[in-house]
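Output the structure for:
(chains A, B, C and D)
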Number of protein chains: 2
Amino acid sequence: MLSPLRLEPAFAPPALPMAAASVIRYAAGEEIFAEGDTADLVYELVEGTVRTGRLLRDGRRQIDAFHFAGEAFGFEAGDVHRTTAEAVGEVAVRIVRRRALSDLAARDGDVARRLYQVTIAGLQRSQDHVLMLGRRSACERVAGLLLLLADRAGGSEIDLPMSRQDMADYLGLTIETVSRTLTQFSQEGLIALPTVRHVELLERDALEALCE
Amino acid sequence: MLSPLRLEPAFAPPALPMAAASVIRYAAGEEIFAEGDTADLVYELVEGTVRTGRLLRDGRRQIDAFHFAGEAFGFEAGDVHRTTAEAVGEVAVRIVRRRALSDLAARDGDVARRLYQVTIAGLQRSQDHVLMLGRRSACERVAGLLLLLADRAGGSEIDLPMSRQDMADYLGLTIETVSRTLTQFSQEGLIALPTVRHVELLERDALEALCE
DNA sequence: CGAGGAATTGAGCAATATCAAACCCAGTGG
DNA sequence: CCACTGGGTTTGATATTGCTCAATTCCTCG
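Down below sits the predicted model:
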């Protein structure tokens, strides 16, 4: 379901100029780029979690995607970022000049192909997201997110990198509904919630059934 | 807002083998490809409107996108279609072998670049859709769809190619809510609704304000 | 003119949002 | 060591939006 947007090994240090010098760290909550910024850089996430999303004027926020280590983000069709990217917790990113990358892609068909795959995988994730937001109930959405996070954690133990607010803004719900749904799952024995930021999936099948 | 997924002129007849022979017509409601079909063809819409979307087991449907003349659809990361494509009204599509296209892209960097642009534009449309479904009210969603359709009609007169059910399944609403919202807009003087399938935007600014 | 599907309208209901209060905990300073 | 503070989270009560179910109307086509 979740095809990771991995660019490596295309992005491994030797493959790109100035790779070593271009790793930058961000503190929790820091903005990496904002809606409207010129999009002359793309990013590869070395460590941590990043959220990309948009803000409506009245403060409503929608998170488009969470990005995890190894994934790339910040690609745009035009010359301006349409989303804002922020660090969720501590983050290290490798910065790549967009121009350098497109030059490389123009010379090397393999890089071009990988770039295309990354984008189309992002499109498919976004389509899954659309289905989730358009046609699923609060329970189904929360279950879907937990499964997605478990998939990439590679087990049934999840250390949530993000706050309830982040989860809500990804799922198109309120913080209260997310919280209630989690305690409901917990009471039903579907998950254990030893701490606020740690979830254990106890009945994966039941959660998957919610998402069918 | 709506970047059309145009492939022409890359796809103009001379650029592709067997272009003349590969135009196919579909009747209203006909399926062009289905979720799970092998994805060895891609499509360029010559005439009409196509909807792509997915169905949950219990019958809930979510339309990912409407495609209009000149746009391409049917691209997949894997070798299987993840969505179903159906004709909305009468449709003519040009069929292109995926293999032939990727070969062409491998030889011609310009084709590769265009392909990439098409995909990333689709991603951005999907992200707009996510924002719409996650954080907008019924009124805002309907207004958004009307503006999107007006944009591509190039005026304030819209001949709706799709049914209320299609609109609802795109917007993540029910048919009744779409209908009520349209009559509400009509009563408020924002639109005129001379027939069921024809809409005229009277107060474009007010509709845009709903979507800010 | 009649029939059938699509669209509209109405009434009541369920899911989720909103508003408000309580709680939990980590970090801080006494 | 312990009270205090403050942000994030949970819980509760109520409001609201959009859904469901049902009836009616409107077109389109025969």
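
Show me what from chain A comes close to DNA strand D.
Counting by C-beta under 7 Å from any atom of the strand, the residues of chain A close to DNA strand D are A:163-165, A:175-176, A:178-180, A:182-183, A:193, A:196-197. For the C-beta atoms, the positions are set from N, CA and C on the backbone; glycine is no exception.

Please export the alpha-carbon coordinates of the helix or strand hosting A:D166; PDB is fine.
Per DSSP states H and E, A:D166 falls inside helix A:164-171. C-alpha atoms of helix A:164-171 as PDB (Å, rounded to 0.1, in the frame of the first residue of the first chain):
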ATOM      1  CA  ARG A 164      -2.500  13.900  18.000                       C
ATOM      2  CA  GLN A 165      -2.900  17.100  16.100                       C
ATOM      3  CA  ASP A 166      -0.700  15.900  13.300                       C
ATOM      4  CA  MET A 167      -2.700  12.700  13.100                       C
ATOM      5  CA  ALA A 168      -6.000  14.600  13.000                       C
ATOM      6  CA  ASP A 169      -4.700  16.900  10.300                       C
ATOM      7  CA  TYR A 170      -3.600  14.000   8.200                       C
ATOM      8  CA  LEU A 171      -6.900  12.200   8.700                       C
END
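
still on that earlier bit, ok, and the most crowded of the residues of chain A next to DNA strand D?
Neighbour counts for those peak at A:V178, which has 23 neighbours (criterion: other C-beta atoms under 10 Å in any protein chain shown).

Would you tell me what helix or strand that residue is located in?
Under the criterion of DSSP H and E, A:V178 resides in helix A:175-187.

List the contacts of the nearest residue to A:S179 once chain neighbours are set aside.
The shortest distance from A:S179 to any residue other than its chain neighbours is 5.8 Å, reached at A:R164 (C-beta to C-beta, 6 or more residues apart in numbering or on different chains). A:R164 is in contact with A:I175, A:V178, A:S179, counting by C-beta atoms under 8 Å, 6 or more residues apart in numbering or on different chains.

make it 10 Å
Counting by C-beta atoms under 10 Å, 6 or more residues apart in numbering or on different chains, A:R164 makes contact with A:L173, A:T174, A:I175, A:E176, A:T177, A:V178, A:S179, A:L182, A:V196, A:R197.

For the fourth one, give its distance to DNA strand C.
Translated: A:E176. 4 Å (C-beta to the nearest atom of the strand, to the nearest Å).

is it true that that residue touches A:M167?
No: using C-beta atoms under 10 Å, A:E176 and A:M167 do not qualify as a contacting pair, with a distance of 11.7 Å.

And the next helix or strand past whichever strand or helix holds A:A85?
When elements are defined using DSSP H and E, A:A85 is found to belong to strand A:84-97. Elements were assigned by DSSP H and E; along the chain past strand A:84-97, the next helix or strand is helix A:98-107.

roughly how far out does that next one sit from the chain middle?
24 Å (C-alpha atoms, centre = their mean, to the nearest Å).

buried stuff in it?
When neighbours are counted by 16 or more other C-beta atoms under 10 Å in any protein chain shown, the buried residues of helix A:98-107 are found to be A:R98, A:L101, A:S102, A:L104, A:A105.

What is the burial count for the closest residue in space to A:V96 that isn't next to it in sequence?
On the basis of C-beta to C-beta, 6+ apart, the spatially nearest residue to A:V96 that is not a chain neighbour turns out to be A:V42, at 5.2 Å. Each residue near A:V42 was counted by other C-beta under 10 Å, and the total is 24.

what about stretch A:38-58, near DNA strand C?
No: in this structure, stretch A:38-58 remains apart from DNA strand C according to C-beta under 7 Å from any atom of the strand; the gap is never smaller than 9.5 Å.

and if you look at stretch A:139-157?
Yes: using C-beta under 7 Å from any atom of the strand, stretch A:139-157 reaches DNA strand C at A:C139.

which stretches of chain A form strands?
In chain A, strands defined by DSSP state E lie at A:23-26, A:31-33, A:41-55, A:61-67, A:72-73, A:84-97, A:157-159, A:191-195, A:198-201, listed in chain order.

Any chance of a markdown table for those strands, columns distance to B:F75?
Output for the strands of chain A, formatted as a markdown table (distance: least, C-beta to C-beta, whole Å):
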| stretch | distance to B:F75 |
| --- | --- |
| strand A:23-26 | 33 |
| strand A:31-33 | 27 |
| strand A:41-55 | 21 |
| strand A:61-67 | 19 |
| strand A:72-73 | 19 |
| strand A:84-97 | 25 |
| strand A:157-159 | 32 |
| strand A:191-195 | 36 |
| strand A:198-201 | 33 |
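
will you turn those into TSV that also has distance to B:G122 and mean pLDDT?
Converted to TSV, the strands of chain A look like this (distance: least, C-beta to C-beta, whole Å; pLDDT from 0 to 100):
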stretch	distance to B:G122	mean pLDDT
strand A:23-26	29	95
strand A:31-33	22	98
strand A:41-55	17	97
strand A:61-67	14	98
strand A:72-73	17	96
strand A:84-97	20	96
strand A:157-159	31	96
strand A:191-195	35	97
strand A:198-201	33	98
